[in-house]
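need a structure here:
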Amino acid sequence: MRRIVRHIPLCSQGLIASVLLAVACATGPAQPVLAQSDEANAVSDQDKGVHYSLYYEDFKNRNYLSALPNLHWILQNAPDYPRNDDRNYERTVELYTALGQDSPSEEGKQAHLDSAFVWFDRAIARMKESAIEFDEPQWLLRKGRFLQEHNQSLTGDAPTFASVYNEVYAMIGCNIDPYYIRIIIDDAARNGEKQRAVNLTDEAEACYPDNADVAAYLTEIRNALFSTPEERLEFLQTRLENTPDNIEVAAELFDIYLELGYRDEAAELGDRLLEMDPSPLTYRRLGQLHLQDGNATRALSYYEQALELLGDDADVTVRRDILYNLGIARQQDGAVSQARSFFRRAIQVDANFGQAYIAIGDLYAAAVSNCGSFEREDRAVYWLAVDYYQQARAKDSSVSAQANQKIATYRRSFPDQEALFFKNWEPGQSYRVDYGCYAWINETTTVRAP
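Residues are numbered from 1 along each chain as shown. Prediction:
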């Protein structure tokens, strides 16, 4: 009876010998068991069982160097043993990876990891030759993860892990985990393949329509790919052509048209957007378009519909901004008292909305210009305007610079010392603005020294 060798003569001579043995085994000619040769047919089931049992016992106990000779005998003579699956090749890769990770030297680590990588490609080819049952996409995913983890330790040329994942994606499409498609898209973007990255984002959106994490990532990567309004304009136009019912794309494209001043395109898309999504936000967008165009009447109509459609749980910022813009539209129409009412309502919704305080101050400052005489009583209205600019600055730091500039401007137009003398006005005294052209104001301020 043939005696089975249980030990490794070369390995007992040290790490270098074991590495040479590993590389020799990894690069030696394939002799699959299914090849119809006399030598292959001479291998008995008993031999297969013995070699398999010996290597598996060592492998299971992490005696990897001891497992190598019998494992390679199996790979050379019976790779499909015992159940015509990929277990022997999978353990080969696992074995060399473990040897690399456990190696005390960088040289040994590199040699073993190089062998593990060689076996990824070799195993796939041999299993196909031998008609062994295996999952090729899963093997490639393992290969990609191996490269992702150990690429810095490999000495030879190796593909990028992203390219390996892309190979899997070409095989199984949407069945790939979203984690890998993100890596593929990032790789395309990093390499300047913008159009490919865009195509991949569209495909990913179709693959994972209900995945919130994927949606957030796609928004992030698209913003990175198209950072300027001009770039996003072309991108969004193409996307809307490809997905004409995409409300989010249409809405963003509308906003870009407004930002870049494409009024006709915005108006045309606005009508289409209203048919697709007659929501408060759409009416608000159309109100903004006509407000910027100076068409206060149409702007009022859209903003009023937006306000009417808002639910009780609507976002504070949205409600506040609609009320504010209704005030601007009324101001453009010349209805200053109604404009002030909307600004006050905006403040009721958000007491820290500095822009609404500034808007009321501007109404009062403009009233002085409209009333026209610039007498002492006219200039006294600037005290009230400055009151509102000061409140804006105190409530909302984001408008401080704007408020300070207006305060400095109108302080120079306060009634002078002579006016205070002739009118018997004392600094700190209460003063009500409710006369003549300013009767609609009907508010109290404080006398200030010039």
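
could you pull out the strands for the stretch 301-450 of the chain?
Under the criterion DSSP state E, counting those that start in this stretch, strands of the stretch 301-450 of the chain are mapped to 430-433, 443-446.

closest to Glu129 out of those strands?
Nearest to Glu129, of all the strands of the stretch 301-450 of the chain, is strand 443-446, at 92.0 Å by C-beta to C-beta. For every residue, glycine as well, the C-beta is placed using N, CA and C.

Pull the closest one out as CSV, backbone CA atoms only.
C-alpha atoms of strand 443-446 as CSV (Å, rounded to 0.1, in the frame of the first residue of the first chain):
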residue,chain,number,x,y,z
GLU,A,443,-46.5,103.7,15.6
THR,A,444,-44.5,105.1,18.4
THR,A,445,-40.8,105.7,18.4
THR,A,446,-38.3,107.7,20.6
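
residues making contact with it?
Ala380, Trp383, Leu384, Asp387, Gly428, Gln429, Ser430, Tyr431, Arg432, Val433, Asp434 (C-beta atoms under 8 Å, 6 or more residues apart in numbering).

Recalculate using a threshold of 10 Å.
Contacts with strand 443-446, where a contact means C-beta atoms under 10 Å, 6 or more residues apart in numbering, come from 340, 360, 364, 380-388, 427-434.

Okay, buried residues for it please.
Across strand 443-446, burial judged by 16 or more other C-beta atoms under 10 Å covers Glu443, Thr445.

Can you pull out the low-pLDDT segments for the chain?
By pLDDT under 70, the low-scoring segments of the chain are 1-41.

Pick out the residue nearest the middle of it.
Nearest to the mean C-alpha position of the chain, counting by C-alpha atoms, centre = their mean, stands Glu220 at 2.1 Å.

That one and Ile328, how far apart?
Counting by C-beta to C-beta, to the nearest Å, the gap from Glu220 to Ile328 is 33 Å.

tell me the secondary structure for Glu248?
Here Glu248 is helix, with the state taken from DSSP: H, G, I helix; E, B strand; the rest coil.

correct me, but it touches Asp277?
Yes - using C-beta atoms under 10 Å, Glu248 is in contact with Asp277, at 9.4 Å.

Show me what the helix or strand harbouring Arg126 is packed up against.
According to DSSP states H and E, Arg126 maps onto helix 106-129. If you count contacts as 3 or more C-beta pairs under 10 Å, 6 or more residues apart in numbering; DSSP states H and E, helix 106-129 packs onto helix 15-27, helix 64-77, helix 87-102, helix 136-150.

Can you say which of these is packed in most?
Neighbour counts (mean count of other C-beta atoms under 10 Å) averaged over each of these peak at helix 64-77, with a mean of 22.

could you dump that helix to CSV, C-alpha only?
What follows is helix 64-77 as a C-alpha-only set of coordinates in CSV (Å, rounded to 0.1, in the frame of the first residue of the first chain):
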residue,chain,number,x,y,z
TYR,A,64,-1.2,26.1,7.5
LEU,A,65,2.4,25.1,6.5
SER,A,66,1.7,21.5,7.4
ALA,A,67,-1.5,21.6,5.3
LEU,A,68,0.2,22.9,2.1
PRO,A,69,1.6,19.6,0.5
ASN,A,70,-1.6,17.7,0.9
LEU,A,71,-3.7,20.7,-0.2
HIS,A,72,-1.7,21.1,-3.3
TRP,A,73,-1.9,17.4,-4.0
ILE,A,74,-5.7,17.8,-3.9
LEU,A,75,-5.5,20.8,-6.2
GLN,A,76,-3.4,18.9,-8.7
ASN,A,77,-5.2,15.6,-8.6
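
Are there helices or strands packed against it, and which ones?
Using 3+ C-beta pairs under 10 Å, 6+ apart, helix 64-77 sits against helix 15-27, helix 38-41, helix 45-60, helix 87-102, helix 106-129.

quick one, that helix and helix 87-102 angle?
If you take axes from the mean of the first three to the mean of the last three C-alpha atoms, to 10 degrees, helix 64-77 sits at 150 degrees to helix 87-102.

now the angle between helix 45-60 and helix 64-77, please.
Using the same axes, to 10 degrees: helix 64-77 against helix 45-60 is 150 degrees.

Now do the same contact list for the spatially closest residue to Leu95 that is not a sequence neighbour.
Nearest residue to Leu95, sequence neighbours excluded (C-beta to C-beta, 6 or more residues apart in numbering): Tyr64, at 4.9 Å. Contacts here follow C-beta under 10 Å, 6+ apart; on that basis Tyr64 touches 18, 22, 55, 58, 71, 91, 94-99, 102, 112.

out of those residues, who's nearest Arg344?
Thr97 (70.7 Å).

what's the burial count for the nearest residue to the closest one once chain neighbours are set aside?
Among residues not flanking Thr97 along the chain, Ala116 sits closest, at 4.6 Å (C-beta to C-beta, 6+ apart). Applying other C-beta atoms under 10 Å, we find 25 residues neighbouring Ala116.

Enumerate every residue touching Ala116.
22, 26, 92-101, 143, 146, 150, 154.

Can you tell me which of the residues you listed is nearest Pro137?
For the contacts of Ala116, the nearest to Pro137 is Lys143 (10.5 Å; C-beta to C-beta).

surely the closest one meets Ala123?
Yes - contact criterion C-beta under 10 Å: Lys143 and Ala123 qualify, at 9.5 Å.

Overlap of the contact sets of those two?
Val93.

May I have the phi/psi pair for Asn84?
phi 50, psi 40 (degrees, to the nearest 10).

Can you tell me how far it is from Ala131?
Applying C-beta to C-beta, the value for Asn84 to Ala131 is 8 Å.

More neighbours: these two, which one.
Taking neighbours as other C-beta under 10 Å, Asn84 and Ala131 compare with Asn84 leading, 16 against 10.

Look up how far Asp313 lies from the residue nearest to Leu95.
63 Å.

gap between Tyr410 and Tyr388?
Applying C-beta to C-beta, the value for Tyr410 to Tyr388 is 11 Å.

contacting residues around the nearest residue to Gly327 once chain neighbours are set aside?
Spatially, and ignoring its direct neighbours in sequence, Gly327 is nearest to Phe342 (3.4 Å; C-beta to C-beta, 6+ apart). Residues in contact with Phe342 (C-beta under 10 Å, 6+ apart) are 303, 307, 322-331, 335, 356, 359.

again with Asn199
Counted by C-beta under 10 Å, 6+ apart, Asn199 has contacts Ile185, Ala188, Glu193.

In helices only, show me these.
Assigned to helices by DSSP state H, the following of those qualify: Ile185, Ala188.

just the buried members of the contacts of Asn199?
Buried, going by 16+ other C-beta under 10 Å: Ile185, Ala188, out of the contacts of Asn199.

Relative to Ser400, which of the contacts of Asn199 is nearest.
Distances from Ser400 to these, taken by C-beta to C-beta, are shortest for Ile185, at 41.7 Å.

Next, count neighbours for the closest residue to the closest one other than its chain neighbours.
Nearest residue to Ile185 in three dimensions, chain neighbours excluded: Leu200, at 4.7 Å (C-beta to C-beta, 6+ apart). Other residues within reach of Leu200 by the criterion other C-beta under 10 Å amount to 24.
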